[in-house]
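# Prediction below, plus the sequence it came from.
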Amino acid sequence: MKRLLLCALLALTACREEVAEAPDPVPLTEDALSHFCQMNVAEHGGPKGQIHLKGLPVPIYFAQVRDLVAYLKSPERDAEITAIYVSDMGVAANWADPGAENWIDAGAAHFVIGAGVAGGMGAPEIVPFADEAAATAFIARYGGTSVRLDDIPDDAALAPVDLDTPLETPA
């Protein structure tokens, strides 16, 4: 009987899946560089993003959330993602100072798309909020619609930027 119990215990242990714990967000510093352009992230206004990849000790940063979403939608991306964080613009001091530590899990965020506001690199931005009411208030002022991360359409992040279309920079 003891032998049967030991075998059952070993079988259960072998079937247990390893669940990687998501790393915590890393505060934004003056040294953080944007993944695509290698420009200093903190020098650009608007919401930011960070993605943690398995095997890398530091996250990759994005100077605007649109770029983060483009990275996620890229067919060339093959690294395993362990966590995705975005700036909570509902608690940001203002557009020019989105905050260094107000990161939220991108999977829980409310994203405003189609608002016609310029992100840190000048392209139309996808604006994240932890609180749905804050996203609704932003929409009332700047327009757009609120969606979850998985529902952001490809064209919100991958469409060409029309340089003739003026974009607003929120206060």
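Good, I have the coordinates.
# Assess the claim that residue 101 and residue 27 are in contact.
Yes. Between residue 101 and residue 27 there is a contact under Cβ atoms under 8 Å: 4.8 Å. Any C-beta I mention is one placed from the backbone N, CA and C, and that applies to glycine too.
# Show me the shaky parts of this structure.
Scanning the chain for pLDDT under 70 picks out 1-20, 38.
# Quickly run through the sheet partners of the longest strand along it, with directions.
For the chain, the strand reaching the highest residue count under DSSP state E is reported as strand 81-87. Strand 81-87 pairs in its sheet with strand 49-53 (antiparallel), strand 103-105 (antiparallel), by DSSP bridges.
# and that strand, which residues are buried?
For strand 81-87, burial by neighbour count (16 or more other Cβ atoms under 10 Å) applies to 82-87.
# Equivalent analysis for stretch 154-168, please.
The neighbour-count check on stretch 154-168 (16+ other Cβ under 10 Å) flags 156-157, 167 as buried.
# Between those residues, which sits nearest residue 75?
Residue 75 lies nearest to residue 157 out of the buried residues of stretch 154-168, by Cβ to Cβ, at 13.3 Å.
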